[in-house]
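**Q** Let me see the structure of the following:
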Amino acid sequence: SRIVMDYQIEDYTLFEEWLSNKNSQKVSIHFPQKGEQLKLLNMCLSNAIEGLSQYTERNSKEMSALNELSSLLGFEIPPRRIESYDISNTAGSNNVGAMVVFIDGSPEKRLYRKFKIKTIIGQDDYGSLSEIIDRRIKEYFAAKDESFKELPDLILIDGGKGQISAVKKVLDDYNLNIKLFGMVKDSKHKTRAITAGGDDIQIKANRKTYTLVSNIQEEVHRFAISYHKTSARKTSLTLELLNIEGVGDITAKKLLKQFKTISKVKSASIEDLVKIGINKKIAENIYNYYKK
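**A** Purely as a prediction, here's the structure:
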């Protein structure tokens, strides 16, 4: 391998040796003076400088917003990791929860997680929040999932006093002292304020904080709604499949896992159904059900 550079390095042979060890093969450093390699190098440098400039500008804005938020909420240092939670359901059915994670003011989507509510029946946002926060903390102590290996510096809940009380009780049960606030919406469902359960902290006058908190609230709401729609659709499809003679929960889940949609199940042949492990008699029932 050969690395092209436009400036001299003191004792570059040592640098070559280090790079060769990292690359598991010989690496040599070349200093172009003219030609295509110099043009290529200049283009790479220009792209790197532009990328660094954009990153620095973006990072500066995010840190500025975190500093402003810290001042409003009484943090000694800006919160590095912010987690936000929301609940979504339809009249108490298909209860789900969502967690989004912001690191240094930016969404870290690989750390987002979804929760299917297991212990709450009906519409109970407080109980549902308690469940997912409890599960999240248990996952922290289990230390198996990357998303949960680090506790947040700040938790923002989509809601007010009731939601905060439900979450605080769980945190207190685990003796965790994590800053906790709710994000309050106005009559038009836009972010209006932050609350600790008592008086509201108005944020509209603090432009950077308002933008950051609004983005977090919209993101967790979007993520929760998206998961709820997916869950509701799967439930509806499962109920339709259960109307077919011989199809139980396990078979219905297998069909949806393999075919994804009812339309693909409808177009499947008996042979297609048998190939994925469906009993031939049940496969015939499924085929005939949709060919009526």
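
**Q** contacting residues around stretch 233-247?
**A** 93-94, 248-249, 251-253, 255-256, 261-262, 265, 279, 281-282, 285-286, 289 (CB atoms under 8 Å, 6 or more residues apart in numbering). Using the backbone N, CA and C atoms, a C-beta is placed for each residue, glycine as well.

**Q** Inside helices: which ones of those residues?
**A** Members of the contacts of stretch 233-247 lying in helices (criterion: DSSP state H): 249, 251-253, 255-256, 262, 265, 281-282, 285-286, 289.

**Q** Could you export these to a markdown table, including columns for distance to residue 273?
**A** As requested, those are arranged in a markdown table below (distance: CB to CB, whole Å):
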| residue | distance to residue 273 |
| --- | --- |
| 249 | 17 |
| 251 | 10 |
| 252 | 13 |
| 253 | 14 |
| 255 | 8 |
| 256 | 13 |
| 262 | 14 |
| 265 | 8 |
| 281 | 11 |
| 282 | 8 |
| 285 | 10 |
| 286 | 6 |
| 289 | 11 |
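
**Q** Of those, select the buried ones using a PyMOL command.
**A** Here is the PyMOL command that selects the buried residues among the ones in helices among the contacts of stretch 233-247 (16 or more other CB atoms under 10 Å):
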select buried, resi 251+252+255+256+262+265+282+285+286+289
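
**Q** which residues does the residue at minimal distance from the centre of the chain contact?
**A** Centroid check for the chain by CA atoms, centre = their mean gives residue 112 as the closest residue, at 2.1 Å. Residue 112 makes contacts with 98, 99, 100, 101, 147, 223, as judged by CB under 8 Å, 6+ apart.

**Q** Distance of the first one relative to residue 123?
**A** When CB to CB, to the nearest Å is the yardstick, residue 98 and residue 123 sit 17 Å from each other.

**Q** likewise the last one?
**A** Residue 223 sits at a distance of 20 Å from residue 123 (criterion: CB to CB).

**Q** Mind checking which of the two has more residues around it?
**A** residue 223 (23 against 14; other CB atoms under 10 Å).

**Q** Confirm that the more buried one sits in a strand.
**A** No. Counting by DSSP: H, G, I helix; E, B strand; the rest coil, residue 223 is not part of a strand but helix.

**Q** What count of nearby residues applies to the residue lying closest to it once chain neighbours are set aside?
**A** Distances taken as CB to CB, 6 or more residues apart in numbering place residue 98 nearest to residue 223, at 4.4 Å, with adjacent residues excluded. For residue 98, the neighbour count with other CB under 10 Å is 25.

**Q** If you count neighbours, what's buried in whichever helix or strand residue 98 is part of?
**A** Element membership of residue 98, judged by DSSP states H and E, is strand 93-103. By 16+ other CB under 10 Å, the buried positions in strand 93-103 come out as 94, 95, 96, 97, 98, 99, 100, 101, 102.
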